[in-house]
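Trainee: With the sequence up front, the predicted model follows.
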2 protein chains.
Amino acid sequence: MRLDGAEARRRFAGARVARLASLVDAGHPHIVPVVFVVIDQHIYSAVDAKPKSTSALRRLDNIRVNPAVSLLTDHYADDDWEALWWSRADGDARVIGVDETEGVAAVDALVERYSQYREWRPDGPVLAVAVRKWSGWSASQSP
Amino acid sequence: MRLDGAEARRRFAGARVARLASLVDAGHPHIVPVVFVVIDQHIYSAVDAKPKSTSALRRLDNIRVNPAVSLLTDHYADDDWEALWWSRADGDARVIGVDETEGVAAVDALVERYSQYREWRPDGPVLAVAVRKWSGWSASQSP
């Protein structure tokens, strides 16, 4: 069954990891796993800038050129396909600095959400996705 | 650490679920979870054609126009970020019929791999991705 926007957002916000699809260029999609936090209609994730890998920086350049992204969270269970569900967020991404007000709030929320970030607070840029549409699907009614 | 192509392929092939990023159009990525099987340098997944949802069929049309896809498998563990890894396959997708030789072999392998498929053998088209590049990353040396 299709999930309505509110339910898709609720399930997405509760997941611990998402996969982010963006564009390398107009013809090629790219996909990476991200940890994230949902605040209102935005999804935030920190870009690991140490070491400043060229591929991570290239990804940020790509997003400036092609801001459209799609993020997915899902539940998979080998022994129970009735429990399967997924939730998708489509939107536009911006890169913001960790020193900007919005960036500080996002990193604070990420540190609160992931204990691992308490050992090394993210200091790279923050990816902010303004969600245009939440959608999803579940094999059954619950959870 | 970066994974070499052979190790990235090995980890990808052993995962139970992948996420497939394709293009809705030249400007918008799209992402869905898929079960799959790796045979040589191809990744195969079955498209659920019952009910023949317009969105699934639209996705196949999109792939015919924009064949470039990116698939990801990953391991996430909230309590141990040293165990994190991901593996990505970039390639070009084709849609093949379940009655074609390649389609029959792919569905046989999917049925062998996923017990759930033994109850209802997939009868929709098969997505075949010819992998151009396997890449990946692992937080630590093992597994």
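Mentor: Cool, got the structure. Residues are numbered from 1 along each chain as shown, chains lettered A, B, ... in the order given.
Trainee: Okay, now the unreliable bits of chain A?
Mentor: Low-confidence segments of chain A (pLDDT under 70): A:49-53, A:55, A:142-143.
Trainee: helix/strand/coil for the most far-flung residue of chain A relative to its centre?
Mentor: Centroid-distance maximum for chain A: A:D79 at 27.1 Å, with CA atoms, centre = their mean. Secondary structure, DSSP: H, G, I helix; E, B strand; the rest coil: A:D79 is coil.
Trainee: what comes up buried for stretch A:98-111?
Mentor: Applying a neighbour-count criterion of 16 or more other CB atoms under 10 Å in any protein chain shown, one finds A:98, A:102-103, A:106-107, A:109-111 buried in stretch A:98-111. Quick note: C-beta positions are derived from backbone N, CA and C, even for glycine.
Trainee: Show me which of the residues you listed is closest to B:A6.
Mentor: Nearest to B:A6 out of the buried residues of stretch A:98-111 is A:L110 (CB to CB; 34.2 Å).
Trainee: My guess is the closest one contacts A:I43. True?
Mentor: No. Counting by CB atoms under 8 Å, A:L110 stays clear of A:I43, with 11.1 Å between them.
Trainee: Mind listing the shared neighbours of those two?
Mentor: Residues touching both A:L110 and A:I43 by CB atoms under 8 Å, 6 or more residues apart in numbering or on different chains: A:36-37.
Trainee: Can you tell me the closest non-neighbouring residue to A:A6?
Mentor: Spatial nearest neighbour of A:A6, chain neighbours left out: A:W134 (7.7 Å); criterion: CB to CB, 6 or more residues apart in numbering or on different chains.
Trainee: Which residue ranges of chain A form strands?
Mentor: Using DSSP state E, the strands of chain A run over residues A:2-3, A:18-25, A:28-34, A:37-39, A:42-46, A:68-75, A:85-96, A:126-138.
Trainee: Pipe the ones you listed into CSV and attach distance to B:G14 and mean neighbour count per row.
Mentor: Output for the strands of chain A, formatted as CSV (distance: least, CB to CB, whole Å; neighbours: other CB atoms under 10 Å in any protein chain shown):
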stretch, distance to B:G14, mean neighbour count
strand A:2-3, 30, 16
strand A:18-25, 18, 23
strand A:28-34, 17, 21
strand A:37-39, 30, 18
strand A:42-46, 26, 22
strand A:68-75, 18, 23
strand A:85-96, 21, 21
strand A:126-138, 26, 19
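Trainee: Out of the ones you listed, flag the one nearest B:G91.
Mentor: With distances scored as CB to CB, the stretch of these nearest to B:G91 is strand A:28-34 (10.5 Å).
Trainee: Other residues contacting the closest one?
Mentor: A:17-24, A:45, A:59, A:62, A:71, A:127, B:19, B:21-23, B:29-31, B:68-72, B:74, B:76, B:84, B:86, B:88, B:90.
Trainee: now stretch A:106-119
Mentor: Stretch A:106-119 is contacted by residues A:35-37, A:39, A:44-46, A:96, A:98, A:121-122, A:126, A:128, B:78, B:81 when judged by CB under 8 Å, 6+ apart.
Trainee: between those residues, which is nearest A:R2?
Mentor: Relative to A:R2, the closest of those is A:F36; by CB to CB it sits at 23.0 Å.
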